[in-house]
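[1] Here is the input, now give the coordinates:
(one chain, ligands or ions: 1)
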Amino acid sequence: MLSIENLTVEVDDKRILNGVNMSIREGETHALFGPNGTGKSSLLFTIAGIPKYKVTDGKIYYKRKDITDAPMDERAKLGIGILFQHPPVIRGVKLRDMVRISMESRNPGKKITDEEIAGLARKLNLESFLDRDVNSGFSGGEIKRSELLQLLAQRPEFVMLDEPDSGVDLVNIGLVGNTINELLEKEKKTMERTKSGLIITHFGNILDFVKADKAYVMMKGKMLCQGNPVELLDDIRKNGYGECMSCMRR
Ligand SMILES: Nc1ncnc2c1ncn2[C@@H]1O[C@H](COP(=O)(O)OP(=O)(O)OP(=O)(O)O)[C@@H](O)[C@H]1O
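    Below you'll find the predicted structure:
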């Protein structure tokens, strides 16, 4: 579904990604680990097409189409969705209206009812937030759920999640996990799924709920290694990222 070849990216003339390669097949979910400031979010922003992230070398293919230079809105229409680590507050736009717009653009000509919107919001315990401005005054965990609600309304085919577990409490992490599993069609067998995912996580809490097929360790804008998510996380917990530099798996 997504193939990244030798991707090199600059922001404000600073090189942030340095020859990244990655390939995610339909139905697969991959996890991305790495220390702070190593370029994980920048990779997601570049795939989403945020203009500030300039590709100076390499290619991004989505469903075999070269989208390296495609504008952000075209990528969204093609089915690429993102949950931001720090999404903006959108004053003057109610969460209900944001969800309605996404649902209606997915179902052209269909009038979306308040009950349908409330039904989606209930899955994330957000029914009472629908008449508040998007993310305005929301707590850290509420923002994650609000962003996931918008993804549920959009139903992207390639779902990128930047730290969906950070700041989420022990009860709500279950709701977040269930929603991600629904977005990624985890109830189906891998071969039958049409959705794929890429999840950034520091502590791997979300991976207790959402099974990942493969994980990468990124350091200083490069993919250092890839492997089984549980084993990699275990190694990082025991030995830290310093060991990754000398690891035999590289
Ligand atoms: N406009 C900019 N100018 C200079 N450096 C930038 C700019 N934007 C991002 N960076 C740098 O790019 C690097 C990668 O940032 P990024 O947010 O991708 O890291 P990350 O791996 O997601 O980190 P974290 O785990 O802390 O979220 C950081 O060192 C950051 O300071």
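[2] So what pairs up with the residue nearest to Gln85 when sequence neighbours are not counted in the strands?
    Closest residue to Gln85 apart from its sequence neighbours, by Cβ to Cβ, 6 or more residues apart in numbering: Asp162 at 4.0 Å. For the C-beta atoms, the positions are set from N, CA and C on the backbone; glycine is no exception. Taking DSSP bridges, one obtains Ile200 as the residues bridged to Asp162.
[3] contacting residues for Asp162?
    Shown in contact with Asp162 (Cβ atoms under 8 Å, 6 or more residues apart in numbering): 40-41, 44, 82-85, 200.
[4] Equivalent analysis for Val217, please.
    33-34, 223-226, 232, 236, 241, 244.
[5] Mind jotting down where the helices sit in the chain?
    40-48, 72-77, 95-106, 114-123, 140-154, 172-183, 229-239 (DSSP state H).
[6] The ones you listed: which one's closest to the ligand?
    Within the helices of the chain, the stretch nearest the ligand is helix 40-48; the backing value is 3.3 Å (Cβ to the nearest ligand atom).
[7] Point out the other helices and strands that that closest one packs with.
    strand 2-11, strand 14-24, strand 54-62, helix 72-77, strand 80-83, strand 158-162, strand 196-200 (3 or more Cβ pairs under 8 Å, 6 or more residues apart in numbering; DSSP states H and E).
[8] Let me have these in TSV, extended by mean pLDDT.
    Below are these laid out as TSV (pLDDT from 0 to 100):
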stretch	mean pLDDT
strand 2-11	97
strand 14-24	96
strand 54-62	97
helix 72-77	94
strand 80-83	96
strand 158-162	97
strand 196-200	97
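[9] Redo these as CSV? Include distance to the ligand.
    Below are the helices and strands packed on helix 40-48 laid out as CSV (distance: least, Cβ to the nearest ligand atom, whole Å):
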stretch, distance to the ligand
strand 2-11, 4
strand 14-24, 4
strand 54-62, 11
helix 72-77, 17
strand 80-83, 13
strand 158-162, 7
strand 196-200, 7
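[10] In TSV: those, plus distance to Gly92.
    TSV is the format used below for these (distance: least, Cβ to Cβ, whole Å):
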stretch	distance to Gly92
strand 2-11	29
strand 14-24	33
strand 54-62	31
helix 72-77	21
strand 80-83	22
strand 158-162	25
strand 196-200	30
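[11] And the ones you listed: which comes nearest Leu130?
    Across those, Leu130 has its closest neighbour in strand 80-83 (18.6 Å, Cβ to Cβ).
[12] partners of that closest one, with directions?
    Strand 80-83 has the following sheet partners, assigned by DSSP bridges: strand 158-162 (parallel).
[13] Mind exporting the C-alpha coordinates of the strand it pairs with to PDB?
    Coordinates of the C-alpha atoms in strand 158-162 are reproduced here as PDB (Å, rounded to 0.1, in the frame of the first residue of the first chain):
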ATOM      1  CA  PHE A 158      -3.800   4.300   5.300                       C
ATOM      2  CA  VAL A 159      -4.000   5.400   8.900                       C
ATOM      3  CA  MET A 160      -1.000   7.100  10.500                       C
ATOM      4  CA  LEU A 161      -1.100   7.600  14.300                       C
ATOM      5  CA  ASP A 162       1.400   9.800  16.100                       C
END
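[14] how big is the angle separating that strand from helix 172-183?
    Relative orientation of strand 158-162 and helix 172-183, computed by axes from the mean of the first three to the mean of the last three Cα atoms, to 10 degrees: 160 degrees.
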